[in-house]
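Q: 3D, please:
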Amino acid sequence: MDGQNRKDIYPGLEVGIILKKDQRSGNITYGVVKDLLTSSPFHSRGIKVRLEDGQVGRVAEIIED
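A: Next comes the predicted model:
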């Protein structure tokens, strides 16, 4: 599942994000969502979130159990 729809993302969810510095390389950083930073219901490049460790990026994938 991709992270383009805000309704699919919530605090406590484990996700993979692409940090601003990794946009060219596409490196994915994994963590748990603390805050949602994008207010619109959809974003083509992924909803922007802050992880519990403070890193900010756009959701590239949602880790499902």
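
Q: where does the residue nearest the centre of the chain fall, phi/psi-wise?
A: When the chain is reduced to its mean C-alpha position, the nearest residue by Cα atoms, centre = their mean turns out to be residue 59, at 2.4 Å. Main-chain dihedrals, residue 59, degrees, to the nearest 10: phi -70, psi 120.

Q: Look up the pLDDT of it for me, please.
A: Residue 59 carries a pLDDT value of 97.

Q: Then residue 65?
A: Reported pLDDT for residue 65: 69.

Q: what's the answer for residue 50, then?
A: 98.

Q: Surely it and residue 37 touch.
A: Yes: using Cβ atoms under 8 Å, residue 50 is in contact with residue 37, at 6.1 Å. Glycine gets a C-beta too; all of them are placed from N, C-alpha and C.

Q: So for these two, which residue has more residues nearby?
A: Counting neighbours by other Cβ atoms under 10 Å for residue 50 and for residue 37 shows that residue 50 has the greater number, 17 against 12.

Q: what helix or strand does that one sit in?
A: strand 48-51 (DSSP states H and E).

Q: about what we covered before: joint contacts of residue 50 and residue 37?
A: residue 56 (Cβ atoms under 8 Å, 6 or more residues apart in numbering).

Q: any chance you could map the strands in the protein?
A: 14-19, 29-36, 48-51, 56-62 (DSSP state E).

Q: where does the protein have low pLDDT?
A: 65 (pLDDT under 70).

Q: again, only using 90
A: Counting by pLDDT under 90, the chain shows low-confidence ranges at 1-2, 64-65.

Q: what's in contact with the strand holding residue 50?
A: Contacts of strand 48-51 (Cβ under 8 Å, 6+ apart): 3, 9, 15, 17, 29, 31-38, 56-59.

Q: The same query, at a cut-off of 7 Å, please.
A: The contact list for strand 48-51, computed with Cβ atoms under 7 Å, 6 or more residues apart in numbering, reads 9, 15, 17, 31-38, 56, 58-59.

Q: Now do the buried residues in it.
A: When burial is assessed from 16 or more other Cβ atoms under 10 Å, strand 48-51 yields the following buried residues: 48, 49, 50, 51.
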